[in-house]
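give me a model of this one.
(2 chains, ligands or ions: 1)
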Amino acid sequence: MTAIFVLAEHRQGIIRDITYEMLTKAHEIAQKTNTELTAVILGKSAKEKAKPLTEYAQKVLIIEDQKLENFTSDAYQKVLSTLIKEHKPLLTLIGHTSYGIDLAPRLATELNIPLATDCIDLAFEGGTFTVTRQMYGGKVNTTATARKAQSYMATIRQAAFQPQKPQPPANGQIIEQPSPLTEEAATKRFIEYVLPPPGGVDITAADKLVGIGRGIKDQANMPQMEEFAKTIGAVLACSRPIVDKGWLSNDRQVGSSGKTVKPKLYIALGISGAFQHVLGMKNSDLIIAINKDPNAPIFSFSDYGVVEDLFKIVPALKNKINELKIQK
Amino acid sequence: MDIVVCVKHVPETAEAELKIDSTGKNIEKTGLVYDINEWDDYALEEAVRIKEKQGGTVTAITIGTEDFDSTLRKCLARGADAAIRLTDPKFQGSDAYATAKILHSIIKNLHCDLILCGLQAGDDGSAAVGTILAQLLGVPHATMVKKLELCTGTAKVNRELEGGLEEILEIKLPALFAVSTGINEPRYVSIMGIRKAMQKEIKVLGLADTGLTEAYVGEAGSWLKTEKLYVPPVEKQAEFLKGTPDEVATKIAELLKSRGLI
Ligand SMILES: Cc1cc2nc3c(=O)[nH]c(=O)nc-3n(C[C@H](O)[C@H](O)[C@H](O)COP(=O)(O)OP(=O)(O)OC[C@H]3O[C@@H](n4cnc5c(N)ncnc54)[C@H](O)[C@@H]3O)c2cc1C
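So this is what the prediction gives:
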């Protein structure tokens, strides 16, 4: 029976959520295509981490090797290309994460397997591998089909699927395979992890956040935004371009490469709602977005929306809140 | 150090209203403003900074029609020494794989110690061309590069992981790096600078120059074929607050008050 491979992603001893999200989707595809769901885990002591994977997958393939202690895409590529050549899975799923982005395109090229990246949905339709992706910062969806092949590969967007343990648990079989890695010198060497500098503002602890984005246009508008945040008693947070420009320090950034926040109130000013940003704030209790583009994706993740120039709303709202404060 | 930078000319869509065109496989391009892809802007800047420090050359390369020249001109104005545009009607429909194949056919014959590109393009967001190109060239690579330090024969790079966490890798040169936004601060180019760059030559090459056959480019050479584009279905839509700015402000203020948020 051919397999569907899901590459387990883990770091510093922890299996990352994307793994279970992929296993959940892969379970559905495996049932429809009558294939065997196989989780693949690579690492120095991968066996210790295999247990939760057996609840999702029918097989868990384990490769243990000292050289796999920390992820490097070249070591992973060598191991996975060996495994894929041997097992010829119909489909291999890898997270569209900092690891998967570094690994999948190169692996697919080596094996000449059609690859679709950053997929939010996928299926075999009449034998054709079909994927859904997004373009233009989430403003447009696209359906694409892969050219016919024996084997396919896709990287999967984080949080595209809700993880769900199969009932009853799959009770998968653990299979160990020897590592194909040799002593040959690596072209890439992992040195260390660098944590963000301690201190700074903890936006994750704030009850209220005002998130500002590229729509604020100019650094000269920063004092106005700070003033506004202060008026409602909120902490200023932002999308990535604001940090890239150096207008706020990176401890204020919300999103996949910033912080995940869950305040009682999140006001998004001039933020389009790219998924990397949304990942970090979509679970806030109340989300209000102000954006002049009625089609901005942020509105699909907000409770309330205002389609207007933020520079008209912000001063008006500041005045209103000040009035209310005086009335008290 | 000789550096090749791969760049793309993309429409600015954050504020534009996008319409699907009559083929259903593309967006309506008329009226959209194009510029250098955001991520490539940082790659180009990084290349020019390395050149300024260590000497060498910077060559910018793109695949596209004549209007892509404005992005190449911007690169030249910023400090690139040479620009190459690959163009052919047969390149239409190329996905990340076919794009990398086309770039590879030319870059493999250029002398370079370093290849830089943006992590992804703002239009299709594949985040794959650079990494595929590295495999085709047979050089090591790193993506999501937030800091790049060149030593003799190797580079030390910071890759961003998630939530502010980074990893440091040591990588043998020559190598390819796909950079993240924020790795530097791209410089401002004056109109004068762009004008001066107008005099520089852009080398234009076609399918015949790549040594590839039609089977390797465009849709024929691609892993993926676009079937259709559509506006994403809305799963949850915000309730829109309407009225004059004052009326809207009142509604928001009342809402916040009723929830005990002010
Ligand atoms: C690997 C990776 C990781 C990333 N991590 C993050 C992350 O952690 N956090 C993050 O935020 N992004 C992240 N990004 C970037 C993300 O993809 C987007 O590019 C970014 O979120 C866009 O920021 P923005 O919404 O502020 O800007 P834009 O997308 O440019 O949107 C600006 C918005 O402002 C609106 N606007 C303009 N003027 C006005 C006005 N006067 N009034 C009202 N509205 C106005 C526009 O209509 C538009 O919707 C990451 C990207 C990658 C590739």
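
please make it C-alpha for all contacts and neighbour counts, starting now.
Will do.

for the stretch 151-300 of chain A, which residues are neighbours of chain B?
For the stretch 151-300 of chain A, the residues in contact with chain B (Cα under 8 Å from any Cα of the partner chain) are A:187-196, A:232-233, A:241, A:243-245, A:250, A:255-260, A:264-265, A:272, A:292-293, A:295-296, A:299-300.

pull out whichever of the residues you listed are also neighbours of the ligand.
Taking Cα under 6 Å from any ligand atom as the test, the ligand is in contact with A:241, A:255, A:256, A:257, A:258, A:272, A:292, A:293, A:296 out of these.

wait, isn't residue A:277 in contact with residue A:259?
No: Residue A:277 sits out of contact with residue A:259 when judged by Cα atoms under 8 Å, with a separation of 9.4 Å.

pick the one among the ones next to the ligand among the residues of the stretch 151-300 of chain A next to chain B closest to residue B:38.
Within the set of these, residue A:241 lies nearest residue B:38; the separation is 10.2 Å, counting by Cα to Cα.

for the ligand, what's its nearest residue on chain B.
Sorted by distance to the ligand under Cα to the nearest ligand atom, the residues of chain B start with residue B:15, at 4.0 Å.

give me the nearest residue to that residue, chain neighbours excluded.
Leaving aside its sequence neighbours, residue B:15 sits nearest to residue A:293 (Cα to Cα, 6 or more residues apart in numbering or on different chains; 6.0 Å).

quick one: that neighbour is in a strand?
No: if the criterion is DSSP: H, G, I helix; E, B strand; the rest coil, then residue A:293 is coil and not within a strand.

what is the burial count for it?
As a burial measure, residue A:293 scores 19 neighbours (other Cα atoms under 10 Å in any protein chain shown).

show me the contacts for it.
Contact criterion Cα atoms under 8 Å, 6 or more residues apart in numbering or on different chains gives A:307, A:308, B:15, B:16, B:17 as the residues in contact with residue A:293.

which ones among the residues of the stretch 151-300 of chain A next to chain B are found in helices?
Cross-referencing these with the helices (criterion: DSSP state H) gives A:241, A:243, A:244 as the overlap.

that older thread, filter the contacts of residue A:293 down to the buried ones, ChimeraX style.
Filtering the contacts of residue A:293 down to the buried ones (16 or more other Cα atoms under 10 Å in any protein chain shown) takes a single ChimeraX command:
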select /A:307,308 /B:16
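
I'd like the contacts of residue A:293 as JSON lines, with secondary structure and distance to residue B:123 appended.
Shown next, in JSON lines, are those (DSSP: H, G, I helix; E, B strand; the rest coil; distance: Cα to Cα, whole Å):
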{"residue": "A:307", "secondary structure": "strand", "distance to residue B:123": "24"}
{"residue": "A:308", "secondary structure": "coil", "distance to residue B:123": "25"}
{"residue": "B:15", "secondary structure": "coil", "distance to residue B:123": "13"}
{"residue": "B:16", "secondary structure": "coil", "distance to residue B:123": "13"}
{"residue": "B:17", "secondary structure": "coil", "distance to residue B:123": "14"}
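
so which strand or helix has residue A:6?
According to DSSP states H and E, residue A:6 maps onto strand A:3-7.

packing partners of that strand?
helix A:17-33, strand A:36-43, strand A:91-95 (3 or more Cα pairs under 8 Å, 6 or more residues apart in numbering or on different chains; DSSP states H and E).

and of those, who's closest to residue A:217?
Among the helices and strands packed on strand A:3-7, strand A:91-95 comes nearest to residue A:217, with 33.4 Å by Cα to Cα.

picking that back up, for residue A:127, state which of the contacts of residue A:293 is nearest.
Taking Cα to Cα as the measure, residue A:127 sits nearest to residue B:17 out of the contacts of residue A:293, at 35.7 Å.

near the ligand, which residues of the stretch 101-250 of chain A are found?
A:213, A:214, A:215, A:239, A:240, A:241.

adding distance to residue A:4 and pLDDT, write the residues you listed out as TSV.
Compiled in TSV, those are given as follows (distance: Cα to Cα, whole Å; pLDDT from 0 to 100):
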residue	distance to residue A:4	pLDDT
A:213	40	98
A:214	41	97
A:215	43	97
A:239	36	98
A:240	35	97
A:241	38	97
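
near the ligand, which residues of the stretch 101-250 of chain B?
Counting by Cα under 6 Å from any ligand atom, no residue of the stretch 101-250 of chain B sits close to the ligand.

look up how far residue B:65 lies from residue B:91.
10 Å (Cα to Cα, to the nearest Å).

give me the more crowded residue out of these two.
A direct count of neighbours by other Cα under 10 Å for residue B:91 and residue B:65 places residue B:91 higher, at 23 against 14.

now that one, nearest residue through space, not along the chain?
Here the residue nearest residue B:91, using Cα to Cα, 6+ apart, is residue B:218, at 4.3 Å.

residue B:92 is in contact with that neighbour, correct?
Yes: applying Cα under 8 Å, one finds residue B:218 in contact with residue B:92, separated by 5.0 Å.

please identify which of those two sits among more neighbours.
The residue with more neighbours, out of residue B:218 and residue B:92 and counting by other Cα under 10 Å, is residue B:218; that gives 21 against 16.

show me where chain A dips below the pLDDT cut-off.
In the predicted model, chain A carries pLDDT under 70 at residues A:328.

could you break it into its assigned domains?
Taking automatic domain parsing as the domain assignment, the ranges for chain A are A:3-176, A:203-327.

show the end-to-end separation of the shortest one, please.
Think domain A:203-327. The stretch domain A:203-327 measures 30 Å between its terminal residues, going by Cα to Cα.

what does stretch A:145-158 give?
With Cα to Cα as the measure, stretch A:145-158 spans 21 Å from end to end.

show me the contacts for residue A:285.
The contact partners of residue A:285, taken as Cα under 8 Å, 6+ apart, are A:262, A:263, A:264, A:265, A:266.

where do the helices of the stretch 51-200 of chain A begin and end?
Here the stretch 51-200 of chain A has its helices, by DSSP state H, counting those that start in this stretch, at A:51-54, A:73-87, A:98-111.

just the ones you listed: most buried one?
Sort those by mean neighbour count, taking mean count of other Cα atoms under 10 Å in any protein chain shown, and helix A:98-111 sits at the top with a mean of 22.
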